[in-house]
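Undergrad: Fold the following, please.
(chains A and B)
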2 protein chains.
Amino acid sequence: MYENFLENLKSKKHNFIAKAISAIENDTELKAFLLSKIQFKKSTSIRIGITGPPGAGKSSITNRLIKKYRSENKTVCALLVDPTSPFSNGSVLGDRIRINQFYDDKEVFIRSLASRGSKGGLSYDIDTIADLIDFIGFDIIIIETVGVGQIELDVIESVDSVVVVLVPESGDDIQIMKAGLIEIADLYVINKSEREDADKLFIILTNMLQLVKNKKWIPEIIKTVAIENIGIDELYKNLEKHKKFLLDSDGFDFKNNKRFIKKIKNEIVKNFEDSFWTSNRLNFIEDFFRKKKIQKISLSSIIKKLKDIS
Amino acid sequence: MYENFLENLKSKKHNFIAKAISAIENDTELKAFLLSKIQFKKSTSIRIGITGPPGAGKSSITNRLIKKYRSENKTVCALLVDPTSPFSNGSVLGDRIRINQFYDDKEVFIRSLASRGSKGGLSYDIDTIADLIDFIGFDIIIIETVGVGQIELDVIESVDSVVVVLVPESGDDIQIMKAGLIEIADLYVINKSEREDADKLFIILTNMLQLVKNKKWIPEIIKTVAIENIGIDELYKNLEKHKKFLLDSDGFDFKNNKRFIKKIKNEIVKNFEDSFWTSNRLNFIEDFFRKKKIQKISLSSIIKKLKDIS
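TA: The predicted structure is shown next:
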């Protein structure tokens, strides 16, 4: 019954792609069907992560990169990861705000994704959605993140090339270290590089990269002014260079395998949790706290009691 | 054999507190002993979360709050959560950089914590460490986070009062929404409020808070200039007000129970994973990828095969 859906998906109809992503996010029946199709497809997309502090111009870089890849006749999907509000349980940015200048280009698909609060949930969803986009046949998948934190570290595992976007003001040593973005990049971008201190940041990064040891790939530092399209060609060239490096070093297989292992581990935990938390066990916990028995029993005794319940 | 250790801990000897935290982080034998002692202690600390975008002045706010609480004769522990570098597997900020102006005050303990990359690991560790500090007897536990992302959302669950620190430049609607910090705060601080646009941000926040419905606590907005100690008294007063609100509404019990349930759930998954990933199963996975069998077998078949291995 879904075969027709698959055809529409393969011809990149945007509303069908959107439906498929929602199915994955909401764990519907369609998801099971999609997964059964997706999983046997060998990856052919390049996955690029764009991360960095808020205000560094990640969106501009992503937009310019999409244009560049389009001019090289590549099809592009951009997935924008927003932090989730724990209250509304949805993306706080949403699709609405982002101006999609590619809306009439079928070969470009842009979508905001809400990061999930649940453990392991975020990156697992993103990987599955990227697998879907890969399956549909997009050449390039850009995953852009917001802010600095756990999400970013998870996303790094989900991509083949990591681009860290900084601005000259990021120069303060401590701020950069705080941001936790050193050591994770395949390419550094100094955006808004017309500002003073751009050279200072360049030198700081160069010095830091000299400390990187035992690595076959030494990250490049690229100066851009994204809103004026300056430096985007060089960024593109370096992304191609990194792609070649990955091809020559079995890097794509290695990263694909790592993602697959993560998927296996997550799925096994998910299966376990689904079967463990029976209504009897959930009731026991609820009852336990209603009667305020907490503080009188050890964690291990509770867990033992829980396991004894069927 | 650890009873002596416990005494030193209870008398707030900083090197012993540091050792105990390390034991929790590294899952040593000492941890098991500590947990057995900690778990029966009813919580008496107030846990305050300080979060917000990088550069908003969270560290200054934390420092000023520590001083204020000390002037009220309260003992204070500040836990600073840094994003972890996935490569160095350690905190990127570290204890070294932060200047501890309270180093000669035994009643103040400050420590950087590396956030862990593993699923659920971060908040679980922080909760356990906060429980330890609670057990030792500190009145106030401040948990300060860096950046914006999953870590922040996790930390919110770990504290009783959430303070979101913004700066006037945060005023741009979209930037705030991107930051994902709306709806999570019990108190908003507009720091560096001597700058222009502080009033604009105040109005934006006020308008947003009018959309908050069905909530018994309406967040206050407090203007501060932390480096000049302006507004800190008001922040303190509002934290006391929120504490009273929590006391009157069983809020502390509710939050403690939620943390305990999370702990149970995490522990159950941890037990499961520890017992599931036998060396035979890990070998199977490794072997599987070495032989590049990926793409030829479905996720569910692999999981079935794994479960059949003992």
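Undergrad: A:Asn73 looks like it's in a helix, true?
TA: No: using DSSP: H, G, I helix; E, B strand; the rest coil, the assignment for A:Asn73 is coil, not a helix.
Undergrad: Measure how buried it is and give me the count.
TA: Residues near A:Asn73, counting by other Cβ atoms under 10 Å in any protein chain shown, number 8. C-beta: built from backbone N, CA, C; applies to glycine.
Undergrad: Geometric centre of chain A: which residue is closest?
TA: In chain A, the centroid-proximal residue (Cα atoms, centre = their mean) is A:Val155; its distance is 3.7 Å.
Undergrad: From A:Val81, how far out is it?
TA: Using Cβ to Cβ, to the nearest Å, one gets 6 Å for the distance from A:Val155 to A:Val81.
Undergrad: Find the residues that touch each one of those two.
TA: A:Ile126, A:Ile143, A:Thr145 (Cβ atoms under 8 Å, 6 or more residues apart in numbering or on different chains).
Undergrad: tell me which of these is nearest to chain B?
TA: For those, the residue nearest chain B by Cβ to the nearest Cβ is A:Thr145; the value is 8.1 Å.
Undergrad: For A:Ile110, which non-adjacent residue is spatially closest?
TA: A:Ala78 (4.6 Å; Cβ to Cβ, 6 or more residues apart in numbering or on different chains).
Undergrad: ok, now which ones touch that neighbour?
TA: By Cβ under 8 Å, 6+ apart, the neighbours of A:Ala78 are A:Thr62, A:Ile66, A:Val108, A:Phe109, A:Ile110, A:Arg111, A:Ile141, A:Ile142, A:Ile143, A:Glu144.
Undergrad: Wasn't it part of a strand?
TA: Yes: counting by three-state DSSP, one finds A:Ala78 located in a strand.
Undergrad: Distance of it relative to chain B?
TA: Noted for A:Ala78: a distance of 16 Å to chain B, by Cβ to the nearest Cβ, to the nearest Å.
Undergrad: likewise A:Ser71?
TA: A:Ser71 is 28 Å from chain B, by Cβ to the nearest Cβ.
Undergrad: Would you mark the buried spots in the helix or strand that contains A:Lys307?
TA: According to DSSP states H and E, A:Lys307 maps onto helix A:299-308. Neighbour-count burial for helix A:299-308, counted by 16 or more other Cβ atoms under 10 Å in any protein chain shown, picks out A:Leu299, A:Ile302, A:Ile303, A:Leu306.
Undergrad: Could you provide those residues in TSV, with additional columns for distance to chain B?
TA: Putting these into TSV (distance: Cβ to the nearest Cβ, whole Å) gives the following:
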residue	distance to chain B
A:Leu299	6
A:Ile302	6
A:Ile303	6
A:Leu306	7
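Undergrad: Show me which of those is closest to B:Lys243.
TA: B:Lys243 lies nearest to A:Leu299 out of the buried residues of helix A:299-308, by Cβ to Cβ, at 26.9 Å.
Undergrad: Who is the residue nearest to A:Ile110 paired with across the strands?
TA: Taking DSSP bridges as the rule, A:Ala78 bridges to A:Ile110, A:Ile142.
Undergrad: gap between it and A:Ile309?
TA: Distance, A:Ala78 to A:Ile309, using Cβ to Cβ: 47 Å.
Undergrad: what does A:Ile230 give?
TA: 64 Å.
Undergrad: what's the answer for A:Ser22, then?
TA: 35 Å.
Undergrad: now A:Phe135
TA: Distance, A:Phe135 to A:Ile309, using Cβ to Cβ: 41 Å.
Undergrad: Tell me, how many residues neighbour A:Lys10?
TA: 12.
Undergrad: swap in A:Thr62?
TA: By other Cβ under 10 Å, neighbour count at A:Thr62 equals 24.
Undergrad: I'd guessed it sits against A:Ile142; true?
TA: Yes: at 5.6 Å, A:Thr62 counts as touching A:Ile142 under the criterion of Cβ atoms under 8 Å.
Undergrad: shared neighbours of the two, anything?
TA: Common neighbours of A:Thr62 and A:Ile142, using Cβ under 8 Å, 6+ apart, are A:Ile50, A:Ala78.
Undergrad: Quick check, pLDDT for A:Lys31.
TA: Looking at A:Lys31, its pLDDT stands at 92.
Undergrad: which non-adjacent residue is nearest it?
TA: A:Ala23 (4.5 Å).
Undergrad: contacting residues for the one you found?
TA: Shown in contact with A:Ala23 (Cβ under 8 Å, 6+ apart): A:Leu30, A:Lys31, A:Leu34.
Undergrad: List the buried residues of the helix or strand hosting it.
TA: A:Ala23 belongs to helix A:14-26 when elements are defined using DSSP H and E. Under the neighbour-count criterion of 16+ other Cβ under 10 Å, helix A:14-26 has A:Phe16, A:Ile17, A:Ala20, A:Ile21, A:Ala23, A:Ile24 buried.
Undergrad: which among these gets closest to chain B?
TA: For the buried residues of helix A:14-26, the nearest to chain B is A:Ile24 (13.9 Å; Cβ to the nearest Cβ).
Undergrad: Would you mind confirming that the closest one is in contact with A:Ala130?
TA: No: at 10.3 Å, A:Ile24 does not count as touching A:Ala130 under the criterion of Cβ under 8 Å.
Undergrad: list residues touching both of the two?
TA: When contacts are counted by Cβ under 8 Å, 6+ apart, the set common to A:Ile24 and A:Ala130 is empty.
Undergrad: ok, residues contacting stretch A:58-69?
TA: Where contact means Cβ under 8 Å, 6+ apart, the residues beyond stretch A:58-69 that reach it are A:48, A:50-52, A:76, A:78, A:80, A:98, A:101-102, A:108, A:110, A:139-140, A:142, A:144-146, A:163, A:165, A:189, A:191, A:224, A:226-227, A:229, A:232-233, A:235-236, A:239.
Undergrad: can you do 6 Å?
TA: The contact list for stretch A:58-69 (Cβ atoms under 6 Å, 6 or more residues apart in numbering or on different chains) reads A:50, A:52, A:76, A:78, A:108, A:140, A:142, A:144, A:165, A:226-227, A:229, A:232, A:236.
Undergrad: CA-only coordinates of that stretch in CSV, if you can.
TA: Provided in CSV are the C-alpha atoms of stretch A:58-69 (Å, rounded to 0.1, in the frame of the first residue of the first chain):
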residue,chain,number,x,y,z
LYS,A,58,25.8,29.2,10.5
SER,A,59,22.6,29.8,8.6
SER,A,60,24.3,32.1,6.1
ILE,A,61,27.1,29.6,5.6
THR,A,62,24.5,26.8,5.0
ASN,A,63,22.6,29.0,2.5
ARG,A,64,25.7,29.8,0.6
LEU,A,65,26.9,26.2,0.6
ILE,A,66,23.5,25.1,-0.8
LYS,A,67,23.9,27.6,-3.6
LYS,A,68,27.4,26.5,-4.3
TYR,A,69,26.5,22.8,-4.4
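Undergrad: measure A:Ser170 to chain B for me?
TA: As judged by Cβ to the nearest Cβ, A:Ser170 and chain B stand 9 Å apart.
Undergrad: cool, and A:Lys42?
TA: In terms of Cβ to the nearest Cβ, A:Lys42 sits 5 Å off from chain B.
Undergrad: any idea where the helices of chain A begin and end?
TA: Counting by DSSP state H, chain A has helices at residues A:3-10, A:14-26, A:29-38, A:58-71, A:94-97, A:121-136, A:150-158, A:173-179, A:198-209, A:232-248, A:251-276, A:279-290, A:299-308.
Undergrad: Mind telling me which of these the model trusts least?
TA: Ranked by mean pLDDT, the helices of chain A end with helix A:94-97 in last place, scoring a mean of 39.
Undergrad: What parts of the stretch 201-310 of chain A come near chain B?
TA: Counting by Cβ under 6 Å from any Cβ of the partner chain, the residues of the stretch 201-310 of chain A close to chain B are A:Asn257, A:Phe260, A:Ile264, A:Val269, A:Phe272, A:Phe289, A:Ile294, A:Gln295, A:Ser298, A:Leu299, A:Ile302.
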